[in-house]
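Participant: Pasting the sequence and the predicted coordinates here, then a few questions.
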Amino acid sequence: MGVLDLLTNLASLGVGVAAGSQAAVRAAQHRRPRPMPRQMAKLLDHPLRMRYRNPGATLGLFGLGAGMQVVDLGCGSGTFTVEMARMVGAQGMVHAVDLQQPVLEMAQARVVDAGFGAQVRFHNVGAYQLPLDDDSIDVAVLIATLGEIPDKLLALLELRRVLKPGGRLAISEELPDPGYLPAGLARALIIEAGFAFGGHSGSPFCYSMIFSKPHVDSSLIERV
């Protein structure tokens with residue numbers, strides 16, 4: 001075997017091992033969904049990710065505006081929280097929610113440094129019992145988050161509770177995330193939770209979808 005053949009075989013082996021490792025990580029994540037380890041939080045702002053995850057461009061699809069009440073569920077280190085605060089302005093409020101306190105502290109420091117401390121409230125809680133009133137939120141945003149939640153339907157029902165009638169649920173998923181949820185599966189889950197589909201953009205590599213909470217609860221119609 002020549003040197004070139006040896007190098008080619010070693011490269012192929014490396015690709016195979018990497019692919020096998022990635023597949024194993026994804027399988028484990030789907031069996032037992034969990035948040036991204038806090039030690040990897042800095043990867044959220046990696047320049048390679050920012051090439052397809054520009055906060056302004058991503059959030060611009062979701063219709064955030066001045067004076068709105070917004071939930072940033074799974075806010076992580078605040079990659080999108082600052083831009084949300086900028087969009088809702090001084091009369092609005094962003095509720096940044098994350099289960100991991102160290103990561104939430106990173107987000108808080110980032111928001112304060114950017115001058116938006118008064119427009120963001122931080123909640124160190126999970127997705128199942130949000131400390132928010134019924135029908136109080138205009139837009140709920142989940143970026144690379146839904147696939148990390150073990151009981152997705154329960155979390156979606158909780159989001160439906162806090163959203164105003166006609167309020168929007170925006171999700172966005174990206175393939176590099178081990179918890180990536182395919183668009184068809186995500187759409188089926190969200191519709192099952194009682195939301196109406198509003199639109200899809202992007203590609204299988206990185207997509208976004210919009211849903212809305214009906215003005216009239218369909219479960220009430222069924223009982224009448």
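Facilitator: Alright, I've got the coordinates. Numbers count the residues shown, from 1 in each chain.
Participant: Please, where are all the strands along the protein?
Facilitator: Ranges of strands in the chain, per DSSP state E, are 69-73, 93-97, 120-123, 137-143, 163-174, 196-202, 206-212.
Participant: Just the angle for the longest one relative to strand 137-143, thanks.
Facilitator: On the basis of axes from the mean of the first three to the mean of the last three C-alpha atoms, to 10 degrees, strand 163-174 is oriented at 20 degrees to strand 137-143.
Participant: Strand 163-174 pairs with which strands?
Facilitator: Under the criterion DSSP bridges, strand 163-174 sits next to strand 137-143 (parallel), strand 206-212 (antiparallel) in its sheet.
Participant: Mind putting those into CSV with mean neighbour count, distance to residue 79 and mean pLDDT?
Facilitator: In short, each C-beta sits where N, CA and C put it, glycine included. Listed next are the strands paired with strand 163-174 as CSV, based on neighbours: other C-beta atoms under 10 Å; distance: least, C-beta to C-beta, whole Å; pLDDT from 0 to 100:
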stretch, mean neighbour count, distance to residue 79, mean pLDDT
strand 137-143, 25, 8, 98
strand 206-212, 20, 14, 97
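Participant: Of these, which is nearest residue 155?
Facilitator: Closest approach to residue 155 among the strands paired with strand 163-174 is made by strand 137-143 (8.6 Å; C-beta to C-beta).
Participant: what bridges to residue 199?
Facilitator: Bridge pairing for residue 199 - DSSP bridges - gives residue 210.
Participant: Do I have it right that it meets residue 210?
Facilitator: Yes. Taking contacts as C-beta atoms under 8 Å, residue 199 lies within contact range of residue 210: 4.8 Å.
Participant: Tabulate the strands of the chain (JSON lines), appending distance to residue 188.
Facilitator: Formatted as JSON lines, those follow (distance: least, C-beta to C-beta, whole Å):
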{"stretch": "strand 69-73", "distance to residue 188": "19"}
{"stretch": "strand 93-97", "distance to residue 188": "24"}
{"stretch": "strand 120-123", "distance to residue 188": "28"}
{"stretch": "strand 137-143", "distance to residue 188": "16"}
{"stretch": "strand 163-174", "distance to residue 188": "13"}
{"stretch": "strand 196-202", "distance to residue 188": "10"}
{"stretch": "strand 206-212", "distance to residue 188": "11"}
